[in-house]
Each structure stands twice: as C-alpha cells, then as structure tokens.
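K.L.:
Pasting the sequence and the predicted model now:
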Amino acid sequence: MSVEAQKETLEFQAEVSQVLNLVIRSLYSNKEIFLRELISNASDAAEKLRFESLTDDALFEDDPDLRIRVTFDEEAGTLTISDNGIGMNRHEVSETIGTIASSGTKKFFESMTGDQSKDSEMIGQFGVGFYSAFIVADKVTLITRRAGLGEEHGVRWESDGQGAYSIENVDKPSRGTDVILHLNEDEKEFLAGYRLRGIISKFSDHISMPVEMEKEFHGEEEEKPETPEFERVNTGTALWMRAKSEITDEEYNDFYKHVSHDFEAPLAHAHNRVEGNNEYSALLYIPSRAPFDMWDRDQKHGVKLFVRRVFIMDEAEKLMPRYLRFVKGVVDSDDLPLNVSREILQHNRKIDTIRQANTKRVLGVLEKMAKNDAEKYQTFWDQFGKVMKEGPAEDFGSKDKIAALLRFASTHNEGDEQNVSLDDYISRMPEEQEKIYYITAESAAAARFSPHLEVFKKKGIEVLLLSDRVDEWLVSGLTEYEGKTLQSVAKGELDLGDMDDEEEKASQEKQAEEHKGLLEKMKDVLGDGVKEVRISHRLTDSPACLVVEDHDMSANLARVLKSVGQDAPATAPIIEINLEHPLVERLENEDDEARFGDLTQVLFDQAQLAEGGQLDDPAAFVRRLNSLMLNLSGK
Ligand code: ADP
Ligand code: MG
C-alpha cells in the first residue's frame, strides 16, 4: 500500500489554542486524567466499531477482538495509547482534532466566561478530551486508519500544542488509532508500569473493553519473550451488574467520576436491579453541583443506555423526565434490541416504564435526603432547585411528591435562601388561615419589599417569596398542596377569609360608597390603562398598588415573557388605592383638573415601578413628577 504523503501544516482554530492553554493550566493538579480521557476516546472508538459492524461486519477485517493497549518506551520518553476501534480518515482527523468540533470541548468553549478562575473551575464538568494530552506531553502524534477494507491509507497528525499541527497520509496496515505522547521532561513518572496500572484501575476499571498492558517480568528466572505478551489491567465488570452489598462507596464514587467527568463526589446514588418481563439495572447519581448549561431546557441528559452490557448511547433523554435532567448514570436493559435507535425509544413501553421507575427512585432518594440530612438537601436545592421547579407542570403524576421537595424564601425568614418547605409553611399557618400565600417578582428584593405584602406584615401572615423566572411556570402547574390553594397576593380581591374581622369589612364597604366619586374621576384619567380603580385593603404604607384578576396573567409573568421575546397578552391591571395615605387624601381635595390628572398618573406609574415594572413613557413620568414637586413648594 503506497500513498502519496501530502503533508500540510495548519494553524489551530484560535479557540483551540485558548482551550489548550486553559486545560493545561487548570488541570495540572489533576494531570493523570489525561489517561482517562484518551482511554475513554479509545473505548468510544471501539464501541462505535462494534455498533457499526451490526450492519457491516466487514469492518472487523480480520481482527475481531477489540482492545485498548497502553505501552511506553522509557528511552524515547513516549507513552502510547492504541486501539483497534473505528479509526478516522483524513477528513475526520482535521474536523475533530484541529477544530473545536468535538462535543466536550465545544460545549466547554461556548460556556467560557473569560474569567480564568471561573473557567478553570468549570472545566471539570466537561470531557476535556483529546487536548488533555498536552497537560503532560510537549508533542502528540496521532496515527490512525479508519476501519474497512476500502480505506487505503492512514493519517498522521502531529502537534506541539503551540498553535499549529501537521497532517499527512501514511501507511497504516492495522485499523484504529495510536496516540503517542512525547512526555515533558517533568512527567517521566508516567513511564512506569505500576503508575499507569494504578491510574487505569482508578479511572477506567469499568470500561468494558479490555485495557491491556505488557506483562511485567522480574528477576532472572523468567525470560522476557521476543514478542511482548499483553494482559488485561481493568476488570471491566460493569459496576451496575454487581451486588450492592459488594460495592464500596469509593467504588460508587469512582464510577460516578468516570461517567460524569466530574471531579467531585456525587451527593447520592440509587442502584437497582429489576427482574420480571422488563429486566434492567439502573445506577443513578445526583451530582453535587450543577453544570453550566443546567437552565437550558435542551441541555443533554446524563443517563447512558446500555443493552446487555453493550454501550448504546449517551444522553438517552427518554430515560429521565426533563426536570431531572441533572441525574447522571447508567441504565442497562436486558430486553431492548441491540440496534435500538432514538426513534425507537420515543414510543417504547419498556422505556416509559423505566423512566417512571427512575423518576420514582430519584424522588425517593431526595425525599430521604430532605428528611435525614437537611444540610445536604439544601446543597442539592441550591444547585438544582430551579430545575426541580419545572416538575409539577411537567409530571402531573408526581406533583405532590415534587411539591413536598420544593423550598422557598419566605417572609418568615430574614435571608433570601430558599429553605422553607410547603409543610413548614402549613405547620405555621394560624387555624383561620385557609390559603398558602405567595408573591412572584423579578428579584428577591422586589418580592420582599412589594407593597402587596403590607397587610400581610401587619397581620403577621407568612408569604412565600418567589423570584426565580421558573416560579411563574411552577405556580401555573401547582395550584394547591395538601388541600390548600396557592394564592398570589397580587391577584384578585384580597380575601383573608376568617382573618378579616367583620367590623373592618363593614367599614370597607362604607368607604367604597363614600369615595365613589374619587374612584370614577381617577378611572376617567387612566382610561383603558386600567380595568378598574378600587379601594385597597392590602396597603398600609404605600399609596397604591396594581393587581390582576385571578384568571389574568400576572404582571411578573408578562415581564418574563417579554424579556425572552414572547408576546404577552396585554391585560390592563386594577389599581388599588390606600385611603389612609396623605397623597390619596391630597388627591381627593385637588380642585385643579390638570394637577389631579398628573397626580393620578404618577400614582399609577409609581405602583408599576414599585413592583419592578417598567414605564412605557418614563420621560412623561419625570415631567409630571417635577411639575408636582414645583407646585408643592409653591403651595
Ligand atoms: P469527545 O470525546 O467529548 O468527543 P475528545 O476531545 O475526547 O472529545 O475527542 C474528540 C473527537 O476526536 C472524538 O469525538 C472522536 O471523533 C475523535 N477521536 C478522538 N480519539 C479517537 C480515537 N482513539 N479513535 C477515533 N476517534 C477519536
Ligand atoms: Mg473524549
């Protein structure tokens, strides 16, 4: 097989050099992960070959036993990871190795903030992949040939990681990939069998593909054979297939690090084997910190699907509901076909059953954590609470379970930490209180200091403070808990039920009658901008506030929708005024039509500002306010 070696030298994409530098700097203290990453790529390549060969068994050529080999040459100072997997052709090499096309690195790059300390913290959440070789090597050579008898030549790629790489065609009879690391002067520790075996056992023990190293020979008695003999180093037993009682916490944690590429130990795991007519094993983990793209609802899921120990696909999103997309782990089915595709998974009863069971298990683990280790649960909530809040709207069947796991900020506490459960709230409700009150606002401060809370403060009624964007979505899906309605304090007529006293009620009705003229005049000024002007029983300190009717969209939700570029139907709010307030008194005594108009409009605009809204015409507001201020001083 002779080839024309067309050698090209190419520049890395600028981003590659950037990522490379960051990878090297920030991962140096964990440098041995380079081996995990390269073995993981070799294993992926072998799995790909196995998968493609299901439809084309010629790919195996005459070498059916898939394996990965790790060898080193002390004299040359090189360490080589080779596989007989799928390999790459020239186009694939330049697409995947010279550019940020590879999945892990690309995601990482997209999420870089430019703040180095933040970025290096984040890097652990990605498969940093191939480039991690440069943590320990000052030159990397990759020689590869794609599987299949029609592939005529191999490809040699080489780079010192300094901005450029070369690529040329070479002769390579065997399929697969060799990655040769020319180790830095300081990294010669990796030229030792025991060191490498140690790393392989730690990070790659669970790889089902054999990872082999040359047999070691000691002393005089044994004679080293001419051709090296290899032995398997990793046990390759799928951890999830072993009995729970035989697995140590450390083994569970190491496996987590392997499937998630995370450095940190997980918060908890659930491990189950299900027998019967849908047999499978599931090993699921709850990470201890959220990945950068958690809030992206299209974020990839973390559960891998295996069928009878054979890896089928990453990110099998059908195995977990979206609001549990942070869960990582493995599901291994005995009953699905090996050539199962994403399309098949869409409508598969077995998969649906597995998803339901997974959901139940994860919620069960969380319930237990919340009960037995509140501090740990708080860590969980701070990281993943926002995602869990999508749950009630998405998973009707688990609504009550999810609701019990929710945590909120509350007027009962000082800080903004979300640590009050609905059960906590209910346990503090006075007997006469019938509803669970909450407010949604754009920020924690806007919620806590909203005028809508004034009467609740006065009467000592607790209100939950909801200021995550997803909270609007949450309350649309969760309207009651334990038989108690969740009621927005900014919606509808305020009805405190038995907590209103009769006398107050009677005097309120009388007031409405007495001030009818004022309300009508204000409505004339505000026109279609408001639905109604009425007397408020919510306010003690503020002159006015805006509310909407029970079935109307809350002002906060309208703002959230607008901010993401969606149309929000325009619902005119109701303005409520506080008769006790001096500004309202002044309004009532105002004879000058123009000033009455300005003052009314300013009250309305203020009420919008107070709940975190924006004015359509801020300049007009300023003009009116200034004119009123001048008038005041003249009076
Ligand atoms: P990731 O594994 O997350 O895709 P990597 O940087 O580890 O990112 O690898 C980049 C890409 O290079 C892989 O997706 C694969 O296409 C290719 N690749 C790397 N190593 C090998 C290998 N040993 N055999 C075949 N392809 C490989
Ligand atoms: Mg990889």
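P.N.:
Ah, there it is. Numbering: from 1, shown residues only. Ligands and ions are numbered 1, 2, ... in the order given.
K.L.:
Quick check: W240 touching S333?
P.N.:
No. Under the criterion of Cβ atoms under 8 Å, W240 makes no contact with S333, lying 11.5 Å away. For glycine as for every other residue, the C-beta is placed from the backbone atoms N, C-alpha and C.
K.L.:
Going by proximity to ligand 1, name the top residue of the stretch 401-550 of the chain.
P.N.:
Scanning the stretch 401-550 of the chain for the residue nearest ligand 1 gives V470, at 29.2 Å (criterion: Cβ to the nearest ligand atom).
K.L.:
Could you list the low-pLDDT ranges of the stretch 401-550 of the chain?
P.N.:
Scanning the stretch 401-550 of the chain for pLDDT under 70 picks out 498, 500-501.
K.L.:
actually the chain, sorry about that
P.N.:
Looking at the chain by pLDDT under 70, you get 1-5, 98-109, 111-128, 218-222, 292-300, 339, 498, 500-501, 632-635.
K.L.:
domain ranges for it?
P.N.:
Here the domain parsing of the chain from automatic domain parsing is 4-216, 243-378, 383-498, 505-550+557-633.
K.L.:
quick one: the strands in the stretch 101-250 of the chain?
P.N.:
All strands of the stretch 101-250 of the chain, identified by DSSP state E, counting those that start in this stretch, fall at 137-145, 154-159, 164-170, 176-183, 211-214, 230-232.
K.L.:
three-state assignment of the closest residue to D314 other than its chain neighbours?
P.N.:
The shortest distance from D314 to any non-neighbouring residue, by Cβ to Cβ, 6 or more residues apart in numbering, is to K304 (5.4 Å). Following DSSP: H, G, I helix; E, B strand; the rest coil, K304 is assigned to strand.
K.L.:
Let me know whether K304 touches F255 as I believe.
P.N.:
No. Using Cβ under 8 Å, K304 is not in contact with F255; the gap is 11.6 Å.
K.L.:
neighbour count winner among those two?
P.N.:
F255 (23 against 19; other Cβ atoms under 10 Å).
K.L.:
ok, that one - contacts?
P.N.:
By Cβ atoms under 8 Å, 6 or more residues apart in numbering, the contact list for F255 reads 206, 239, 283.
K.L.:
7 Å - rerun?
P.N.:
206, 239 (Cβ atoms under 7 Å, 6 or more residues apart in numbering).
K.L.:
in what helix or strand does it lie?
P.N.:
Here F255 sits within helix 249-260, counting by DSSP states H and E.
K.L.:
Can you mark which positions in that helix are buried?
P.N.:
Using 16 or more other Cβ atoms under 10 Å as the burial criterion, the residues of helix 249-260 that qualify are 252-260.
K.L.:
That one vs ligand 2: in contact?
P.N.:
No. On the criterion Cβ under 5 Å from the ion, helix 249-260 is out of touch with ligand 2, staying 12.1 Å away.
K.L.:
what about whatever residue of the stretch 351-500 of the chain ends up closest to ligand 2, how many neighbours?
P.N.:
Nearest residue of the stretch 351-500 of the chain to ligand 2: Q383, at 24.9 Å (Cβ to the ion). Number of residues near Q383 (other Cβ under 10 Å) recorded here: 18.
K.L.:
Torsion angles phi and psi at the closest residue to it other than its chain neighbours?
P.N.:
Spatial nearest neighbour of Q383, chain neighbours left out: A290 (4.4 Å); criterion: Cβ to Cβ, 6+ apart. Dihedral pair for A290: phi -80, psi 140, per degrees, to the nearest 10.
K.L.:
what sits against A290?
P.N.:
Per Cβ under 7 Å, 6+ apart, neighbours of A290: 326, 383-384.
K.L.:
Output those in CSV, with secondary structure and distance to T479 appended to each entry.
P.N.:
Formatted as CSV, those follow (DSSP: H, G, I helix; E, B strand; the rest coil; distance: Cβ to Cβ, whole Å):
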residue, secondary structure, distance to T479
F326, coil, 26
Q383, helix, 27
F384, helix, 23
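K.L.:
And those, which is closest to ligand 1?
P.N.:
F326 (18.8 Å).
K.L.:
Give me the neighbour count for the residue of the stretch 501-635 of the chain found nearest ligand 2.
P.N.:
Nearest residue of the stretch 501-635 of the chain to ligand 2 (Cβ to the ion) works out as V564 at 33.5 Å. Counted by other Cβ under 10 Å, the residues lying close to V564 total 7.
K.L.:
what does the stretch 151-300 of the chain put close to ligand 2?
P.N.:
Residues of the stretch 151-300 of the chain lying near ligand 2 (Cβ under 5 Å from the ion): none found.
K.L.:
residue in the stretch 151-300 of the chain nearest to ligand 1?
P.N.:
Counting by Cβ to the nearest ligand atom, the stretch 151-300 of the chain gets nearest ligand 1 through T177, at 3.7 Å.
K.L.:
So which bits of the host helix or strand of K371 are buried?
P.N.:
Following DSSP H and E, one finds K371 within helix 349-372. For helix 349-372, a neighbour-count test (16+ other Cβ under 10 Å) marks 350-351, 354-355, 357-359, 361-363, 365-366, 369-370 as buried.
K.L.:
Please list all residues in contact with the residue of the stretch 151-300 of the chain closest to ligand 1.
P.N.:
Shown in contact with T177 (Cβ under 7 Å, 6+ apart): 42, 45, 82-83, 85, 87-88, 142, 144.
K.L.:
quick check, nearest of those to ligand 1?
P.N.:
A45 (3.3 Å).
K.L.:
Looks to me like that closest one is in a strand.
P.N.:
No. Under three-state DSSP, A45 falls outside any strand and is assigned helix.
K.L.:
What sits closest to it if chain neighbours are left out?
P.N.:
G85 (2.9 Å).
K.L.:
same check, this time on D400
P.N.:
That would be Y481: by Cβ to Cβ, 6+ apart, it lies 7.4 Å from D400.
K.L.:
tally of neighbours for the one you found?
P.N.:
What Y481 shows, counting by other Cβ under 10 Å, is a neighbour count of 20.
K.L.:
Ok, V584 next?
P.N.:
21.
K.L.:
Would you mind giving the secondary structure of it?
P.N.:
helix.
K.L.:
Now for it: which residues touch it?
P.N.:
By Cβ under 7 Å, 6+ apart, the neighbours of V584 are 543, 577-578.
K.L.:
Repeat the analysis, applying 10 Å as the threshold.
P.N.:
515, 518, 522, 535-536, 539, 543-544, 577-578, 599, 603 (Cβ atoms under 10 Å, 6 or more residues apart in numbering).
K.L.:
Give me the number of neighbouring residues for V331.
P.N.:
Around V331 there are 27 residues (other Cβ under 10 Å).
K.L.:
Doesn't it belong to a helix?
P.N.:
No. Under three-state DSSP, V331 sits outside any helix and is assigned strand.
K.L.:
which residue packs closest to it, ignoring adjacent ones?
P.N.:
A282 (4.9 Å).
K.L.:
re earlier: nearest to T235, of the domains of the chain?
P.N.:
Of all the domains of the chain, it is domain 4-216 that lies closest to T235, at 5.6 Å by Cβ to Cβ.
K.L.:
coming back round to it: nearest to L494, of the buried residues of helix 349-372?
P.N.:
A370 (32.8 Å).
K.L.:
Now do the contacts for the residue nearest to that closest one when sequence neighbours are not counted.
P.N.:
Excluding its sequence neighbours, the residue lying closest to A370 (Cβ to Cβ, 6+ apart) is Y377, at 4.3 Å. Neighbouring residues of Y377 by Cβ under 10 Å, 6+ apart: 267-268, 366-371, 405, 407, 419, 421.
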